[in-house]
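[1] Predicted structure and sequence below. I'll ask about it afterward.
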Amino acid sequence: MNEMISLYVFFGLIASGKSTLAESFSKHYDMPYYNTDRVRKELAGVDPVSRQSDNFNQGIYTKEFSRKTYQAMLDKAGEKVRSGRKDVVLDGSYSSIDERTRVIEQAAALNARCVFIQCVCSDKVVRDRLEIRARDPQAVSDGRWEIYLAQKESFQPPSELEPSQLLTLATEQSIAMLLENLATSLDLQ
């Protein structure tokens, strides 16, 4: 693997495949993994698999609570890197330029590189994934179609990122194929 410390940020819209891929990537490369859905519910004091029916920008999904969640993610990543752990995986929508900029600033403070992996897929695949998730009692995400549509409207494209910082990946392939694509694109062994 690359010798430089890296923060790998898997981001995108609800049900884009980012969490499945990020968790598989972190396990494959034995990296600490932090997911906004889990951290958010931990901060709220609720069971990770409890369903929260809050609408977009409400309840534990307000901008203030989201900022607290993303800051907790950065704090956890910083602790791991400072404790000698090399690479860390962050998983969340990171839908605003501000959220992504804060990750870049944290990476700079840690003398780490920051790689953003934007996960994308078609609306049909999103809808299918959300329907499957709704039936899964172990699902951590509270994403629903109406939240996806609202998030899609407010998502800020990553135009602030340099080409060397951004990899966009269509997630409609198998996890094995996606991991292989990532290994090649990120020059990982």
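    Looks like it came in fine. Numbers count the residues shown, from 1 in each chain.
[2] roughly how far is stretch 155-163 from the heart of the chain?
    Stretch 155-163 sits 15 Å away from the centroid of its parent chain (C-alpha atoms, centre = their mean, to the nearest Å).
[3] and stretch 115-133, how far apart are its ends?
    End-to-end distance of stretch 115-133 (C-alpha to C-alpha, to the nearest Å): 28 Å.
[4] Contacts for that stretch, please.
    Around stretch 115-133, the neighbours that count as contacts under C-beta atoms under 8 Å, 6 or more residues apart in numbering are 6-18, 21-22, 94, 100, 103, 139, 141, 143-145, 148, 158, 161, 165-172, 182, 186. All C-beta spots, glycine's among them, are computed from the backbone N, C-alpha and C.
[5] Tell me how many other residues surround residue 84.
    Residue 84 has 6 neighbours, counted by other C-beta atoms under 10 Å.
[6] Mind checking what secondary structure it has?
    With DSSP: H, G, I helix; E, B strand; the rest coil as the basis, the three-state label of residue 84 is coil.
[7] Quick check: it vs residue 180, distance?
    Distance of residue 84 to residue 180, given as C-beta to C-beta, to the nearest Å: 29 Å.
[8] What of residue 113?
    Distance, residue 113 to residue 180, using C-beta to C-beta: 21 Å.
[9] If you count surrounding residues, which of these two has more?
    Neighbours around residue 113 and residue 180, counted as other C-beta under 10 Å, are more numerous at residue 113. The numbers are 17 against 12.
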